[in-house]
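Colleague: Just to be clear, the model below is a prediction. Sequence and coordinates:
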Amino acid sequence: MCDSRLALRVTTLADLAAVNSFVARALPARLSGEYPGAVQKGLTALAARAAPALLPCNSYFVARIGGRIVGCCGWSWAAPLGGSSLGPRDMAYVRLLLVARPFGRCGVGRALMGLIVATARRGGVARLECISTATAEPFYRACGFAGAAPIEVALQPGLAFGAVQMTRRI
């Protein structure tokens, strides 16, 4: 399914519905077999609503092939999952790097990570942090991230998923 016509671009607020729709379709396929159905539903419901303030800030990106979104990602000063950023100003957070299953291992994720690193570095970021699923952990390690600690992320009362908090100096 790899295609050399990959186009990357920064998002705008006009992309909100398309990004949300992409995440709602692609994330369950990526989580399948890794987490129970209730966790998949809870995580998809949470992640499928991109923060409107994030899309127009020049640090969130989409990857398209033939006009179709095949990946998305970004970075922000604010912690994911609604957390507050209490870290130093030279630290930022990777926000949902997601590639549609048919386009995995085609360089889409690496291209998106390259945009994150380049734009974050230009913004004064020296360290990126992310919350990785077990499935995505090898990808992040290959991109230079190291596991800091296994964590449990609460989705709602009584429902959490296991993840790994990872970090990378840029």
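Modeller: Sure thing, it's come through.
Colleague: which ones are touching the spatially most central residue of the chain?
Modeller: Closest residue to the average C-alpha location of the chain: Leu96 at 1.6 Å, with CA atoms, centre = their mean. Residues in contact with Leu96 (CB atoms under 8 Å, 6 or more residues apart in numbering) are Val23, Ala47, Ala50, Cys72, Cys73, Gly74, Pro80. The C-beta positions use only the backbone N, C-alpha and C, and glycine is treated the same way.
Colleague: element containing it, please.
Modeller: According to DSSP states H and E, Leu96 maps onto strand 91-99.
Colleague: quick one: buried residues of the least confident helix or strand in the chain by mean pLDDT?
Modeller: Lowest by mean pLDDT, DSSP states H and E among the helices and strands of the chain is helix 37-47, with a mean of 80. In terms of neighbour count (16 or more other CB atoms under 10 Å), helix 37-47 has its buried residues at Val39, Gln40, Gly42, Leu43, Thr44, Leu46, Ala47.
Colleague: can you check stretch 147-164 too?
Modeller: Neighbour-count burial for stretch 147-164, counted by 16+ other CB under 10 Å, picks out Val153, Leu155, Phe161, Ala163, Val164.
Colleague: a markdown table please, covering those residues and showing pLDDT and secondary structure.
Modeller: Output for these, formatted as a markdown table (pLDDT from 0 to 100; DSSP: H, G, I helix; E, B strand; the rest coil):
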| residue | pLDDT | secondary structure |
| --- | --- | --- |
| Val153 | 85 | strand |
| Leu155 | 82 | strand |
| Phe161 | 85 | strand |
| Ala163 | 90 | strand |
| Val164 | 92 | strand |
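Colleague: Can you lay out those residues as CSV showing distance to Ala142?
Modeller: CSV is the format used below for the buried residues of stretch 147-164 (distance: CB to CB, whole Å):
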residue, distance to Ala142
Val153, 22
Leu155, 27
Phe161, 22
Ala163, 18
Val164, 14
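Colleague: Farthest pair within those residues?
Modeller: Farthest-apart pair in these is Leu155 and Val164; separation 16.4 Å (CB to CB).
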